[in-house]
Structure formats: structure tokens, C-alpha cells
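>>> Need the 3D shape of this:
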Amino acid sequence: MKKLSILSMLILLFLWMQSCVNTENKHTDKQPESIEASMVRAMEWQEAHPIYALAPTDWTNGAYYMGVTRAYQATKNPIFLAALKTMGYRNQWKTGNRFYHADDIAIAYSYLYINSTRDNLVDLKPTDSFIQDHLFKPYPWREGVEKGDEQTLWWWCDALFMAPPVLAVYADLKKDKTYLDEMNKYYKQTYDLLYDKEEHLFARDLRFVWKGDSTDLKEENGKKIFWSRGNGWVLGGLALILDAMPQDYENRPFYLNLFKEMAVKIKDIQHEDGLWRTSLLSPESYNHGEVSGSGFYTFALAYGINTGILDKTEYTPVVKKAWEALKGCQHENGMIGWVQNIGASPEPASKDSWQNYGTGAYLLAGSEILKIK
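As a prediction, the model looks like this:
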């Protein structure tokens, strides 16, 4: 395994050198190639600066490599595929250890895609085992913890990005609707728990759910607290779910309607500079753009345009404005700045703040912007 990993790294280095040759003259703002070149530079920088919260198989890397996966699907640039394979070999195709926690299966989205590129390349046994345990193994969290946050399996809105897209892809791989039905069951529990039907946004968790007309947790302007990246997780996750979900699946209309409803809200609260603020209804709290939430929104809205879910005339100016703003957050060396750190509520970011999931959001956005004609 060690020799194989070293060989993969050498292949990645060679492809990186080739990519530099192929993209060095592609940085003109008007050409589609400049988008790909920017994406390559972002991934190169991130690969050279690995970071994760818990382990290389955790949710931060899961979100990052989802971006790398979609970047390869959109560009067919072999440097992205080489990075994915190297990561998989290095991780030995393992998931996280917490079978009950949605965060620990996000990395499998990339494994499932790599598996589709060549037979017998990926060891899917860890993914198979995790999914079986996550959905069917008895555990108090899934049944709900009375008076605790864990009132359903996916009790925080971020989870709707981490697990459901993997389950949708897995259901397609196995040709077994059971996995979609289980995903749908737990998704709707989270929807019922956290979705605000008045604001068309998700509370991050039960701390931010208003009961009646007030809560101890609200912004200084009196508005409810809705976290940008939290809702970015949801909207970006919806795009990934819809992409893998069969057109004739009986519950698909629920996801389509939710996607459209949230898209309208996100379009309407875009800041004039193109980026969204970390506190969506209180932009003055931290009056600067933030890349991770904005990147997920740009990806999702562009996906909606490219698939005909959203009106092209209405939404194209939104995503193009957002992409230009996102590009402005990329440093010359490829690093993606203005990313809010790991958290569970709105907080500030800065020009020099970065995380791998921010790079993943940037790659996701670029992968769909490339397709807009």
C-alpha cells in the first residue's frame, strides 16, 4: 500500500507539471479555460496544505473532495482524478469511525465516484458497512434523545450535505430504492425539525429554532439567526441529491420544491458585492463576504440553471456576479481566503482565513459555472 501511495503521488506530480503547461496561458477572464485554471490552482494549493479537523476521512475532507470530484466530472482534467485516487489509497478507502454520525460518511461520495471510473479499483466494504450501520443498526441517537439536540438521526442542518448525497449515489449503484427511502425518511425528519417555512431557511440546530415569536438567540436587529454555511450545506446538498436521484422517484417533487423555494430566498438576499454574509438576515453583523456559504450557493444555483430547474434569465446574473466575487477571494498562489473557520453559527472570516471545505465549495461552484453558456 505504501509503494502504491508513493507511485500515485509521483503520478500526481507529473500531471501537475503537465497541467501547469496546459493552463499557464488560460488566465484571461473571458475564457472558460480561465475558470479551470483557477480551479487547478486552488486544488494544487490545497493539496500542498492538507488540513482536517479529526482525521483524513472526516467531513472537512469529505466536502473538499466532493469539490475535487465534481471538478473532474466537469473538466476531465486528469490532475483532479489523480488527486482523488491518491486520497483514496492514502485513506485505504475508509470512512470515519462514528457510524451514527452523518459527518463520517461524506468522504465516501468521492469513493463512489472513483469506483465508477474503473472496476475493482475501490474497496467499498468500509462504505457498505458504514451505511448499513448508519441506517439500520440500533442506536439511541437515531431513535431520538429526549430533551437533547439529537432528536433525530440528522439533527443539525449540515448533516443534509454529509449523508444524503452519498445515500442517493449509493442507491443508484446498488439499484435499490430502499436507501433512497431511508434517506427520504430521515431527511424529512430534519426538515420538520429545522426548516423555517416563513423564512425558507434552515436553522442550524434546535438552539436557533424560534418557538412562538421569540428566542434568546437572535440578532441585534431582532431577526432570526440563519447561518450562511449551514444553509449552503443544505442547498448544495440538495443539488447533489437531485443529481443522483431518479427522475421518476415518487418523493423527488419534495426536493425540487424545497430547492426552488430556498433558491428564491438566497437570490433575494445576495449582497451587492456578489457574496453572502455569514448571518443571512443580519448582514451588518459581519459586513463582509464569506466563501464557503457563497461557494455552495453559487454551485447550487448554477446547477439549477444548467439542469433547467431554475430560470436561466433570472438566475444567471446572480451566479456570474457571485463567481466574480469568489474569484476575487483567491490569492495569487491559489489559496482560497475569506472562509469562516469551523463552527456552528455565524462568525467572521478574513482575507487570510481558509479551510479545505472552502476550497471544496470553490471547486463545486467552478464545476457548474463552467457549464453555463
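>>> Which parts of the stretch 101-250 of the chain are helices?
Secondary structure of the stretch 101-250 of the chain, counting by DSSP state H, counting those that start in this stretch: helices at 108-117, 125-136, 140-143, 159-162, 164-174, 177-194, 228-244.
>>> how close does the closest residue to residue 249 other than its chain neighbours get to residue 165?
Closest residue to residue 249 apart from its sequence neighbours, by C-beta to C-beta, 6 or more residues apart in numbering: residue 180 at 6.2 Å. The way it works is simple: take the backbone N, C-alpha and C, and place the C-beta from them, glycine included. The gap separating residue 180 from residue 165 is 12 Å, by C-beta to C-beta, to the nearest Å.
>>> And these two? Which one has more around it.
residue 165 (27 against 23; other C-beta atoms under 10 Å).
>>> Tell me, how many residues neighbour the nearest residue in space to that one that is not next to it in sequence?
Nearest residue to residue 165, sequence neighbours excluded (C-beta to C-beta, 6+ apart): residue 240, at 3.6 Å. Applying other C-beta under 10 Å, we find 23 residues neighbouring residue 240.
>>> now residue 240: how far from residue 63?
Applying C-beta to C-beta to residue 240 and residue 63 gives a distance of 11 Å.
>>> where do the contact lists of these two overlap?
residue 161 (C-beta atoms under 8 Å, 6 or more residues apart in numbering).
>>> Low-confidence ranges, this protein, go.
1-33, 212-216 (pLDDT under 70).
>>> For the closest residue to residue 65 other than its chain neighbours, give its distance to residue 182.
Excluding its sequence neighbours, the residue lying closest to residue 65 (C-beta to C-beta, 6+ apart) is residue 110, at 4.2 Å. Separation of residue 110 from residue 182 (C-beta to C-beta): 21 Å.
>>> again, but for residue 309
24 Å.
>>> isn't residue 194 right next to residue 207, touching?
No: Residue 194 lies out of contact with residue 207 (C-beta atoms under 8 Å); the separation is 10.5 Å.
>>> Between these two, which is the more surrounded one?
A direct count of neighbours by other C-beta under 10 Å for residue 194 and residue 207 places residue 194 higher, at 24 against 14.
>>> got a list of what residue 259 touches?
235, 238-239, 242, 300, 304, 309.
>>> which one of these sits closest to residue 143?
Taking C-beta to C-beta as the measure, residue 143 lies nearest residue 238 of these, at 26.1 Å.
>>> Which strand or helix spans the closest residue in space to that closest one that isn't next to it in sequence?
Leaving out its chain neighbours, the residue that sits closest to residue 238 by C-beta to C-beta, 6+ apart is residue 259, at 4.6 Å. For residue 259, the host element (DSSP states H and E) is helix 252-268.
>>> residues of that helix that come out buried?
252, 255, 258-259, 262-263, 265-267 (16 or more other C-beta atoms under 10 Å).
>>> Rebuild those residues as TSV, extending it with distance to residue 100.
Listed next are the buried residues of helix 252-268 as TSV, based on distance: C-beta to C-beta, whole Å:
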residue	distance to residue 100
252	27
255	24
258	25
259	27
262	27
263	31
265	31
266	30
267	36
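>>> Would you agree residue 217 is in contact with residue 205?
No: look at residue 217 against residue 205 with C-beta under 8 Å: they stay out of range, at 10.5 Å.
>>> between the two, which one's more packed in?
Between residue 217 and residue 205, counted using other C-beta under 10 Å, the more crowded position is residue 205 (22 against 13).
>>> What distance do you get for the closest residue to that one other than its chain neighbours to residue 150?
Of all residues not flanking residue 205 in the chain, residue 156 sits nearest, at 4.5 Å (C-beta to C-beta, 6+ apart). Look at residue 156 and residue 150: by C-beta to C-beta, they are 9 Å apart.
>>> If you count surrounding residues, which of these two has more?
Neighbours were tallied for residue 156 and for residue 150 using other C-beta under 10 Å; the higher tally belongs to residue 156 (24 against 19).
>>> So the more buried one sits against residue 204, correct?
Yes: taking C-beta under 8 Å as the definition, residue 156 is a contact partner of residue 204 at 6.3 Å.
>>> For those two, list the residues in contact with both.
194, 344.
>>> before we move on, the earlier item: more neighbours: residue 110 and residue 182, which one.
The neighbour comparison of residue 110 against residue 182 (other C-beta under 10 Å) goes to residue 110, with 28 against 18.
>>> Please name the residues that touch the residue nearest to residue 116 when sequence neighbours are not counted.
Ranked by C-beta to C-beta, 6+ apart and with sequence neighbours excluded, the top spatial neighbour of residue 116 is residue 173, at 7.9 Å. Residues near residue 173 by C-beta under 8 Å, 6+ apart: 112, 115-116.
>>> Mind doing that once more with 10 Å?
Contact analysis of residue 173 by C-beta atoms under 10 Å, 6 or more residues apart in numbering lists 112, 115-116, 124, 127, 179, 244.
>>> Show me the strands in this protein, by range?
195-196, 201-202 (DSSP state E).
>>> Comparing those strands, which comes out most buried?
Most buried of the strands of the chain, by mean neighbour count (mean count of other C-beta atoms under 10 Å): strand 201-202, with a mean of 26.
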